[in-house]
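>>> need coordinates for the following:
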Amino acid sequence: MSDFNGLFQTADWAQEKHVPVIEAPDTVTKGEVFQVKVTVGKEISHPNTTPHHIRWITVFFQPEGAKFPYQVGKAEFSAHGESTEGPDTSTVYTHHEAVLSFKTDLAGTIYAASLCNVHGLWQSTKAVAVE
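Numbering: from 1, shown residues only. Below is the predicted model of the structure:
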């Protein structure tokens with residue numbers, strides 16, 4: 001039986017275009033909604049073509065001490081320049097960026113995962129404190 005261990009890749013997002021970049025406050029106010037933005041290819045642009053693109057970004061939050069994370073949201077990207085005329089014949093391209101909001105009473109870790117159709121699964125994390 002296999003598991004997810006080793007399937008997700010990670011790296012420095014400033015050097016690797018596949019890593020999802022999490023932009024969120026370092027500290028949030030207990031019970032107040034805050035915004036999280038996740039982008040793939042923030043520093044080094046990631047291709048967005050029919051044969052090479054980001055399919056989705058998923059965001060999780062795991063409160064400190066919790067056994068499992070909560071799935072906060074998922075964005076799927078469906079337009080990559082394809083049309084009935086063939087690959088990269090359209091002018092419609094989805095940009096690989098997700099913006100969502102949530103609230104928490106507990107500090108924890110935001111996890112972002114993304115899928116490149118050519119280079120697989122990528123992840124990153126960001127700690128969030130609560131005041």
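>>> check the residue lying farthest from the centre of the chain and give its pLDDT.
The C-alpha centroid of the chain is most remote from residue 85, which lies 30.5 Å away (Cα atoms, centre = their mean). According to the model's per-residue confidence, residue 85 sits at a pLDDT of 96.
>>> cool, residue 3 as well?
Each residue has a pLDDT score; the one for residue 3 is 56.
>>> could you do residue 50 as well?
pLDDT, residue 50: 95.
>>> what about it, how many residues close to it?
The tally of other residues near residue 50 (other Cβ atoms under 10 Å) stands at 18. C-betas here are computed from N, CA, C, even on glycine.
>>> go ahead and confirm it touches residue 87.
Yes. Because the distance of 3.6 Å satisfies Cβ atoms under 8 Å, residue 50 is recorded as touching residue 87.
>>> now do the shared contacts for those two.
When contacts are counted by Cβ atoms under 8 Å, 6 or more residues apart in numbering, residue 50 and residue 87 have residue 81 as shared neighbours.
>>> just list the residues touching residue 63, thanks.
Applying Cβ under 8 Å, 6+ apart, one finds that residue 63 lies in contact with 70, 104, 106-108.
>>> please redo it, this time with the cut-off set to 10 Å
With Cβ atoms under 10 Å, 6 or more residues apart in numbering as the criterion, the residues that contact residue 63 are 69-70, 104-109, 128, 130.
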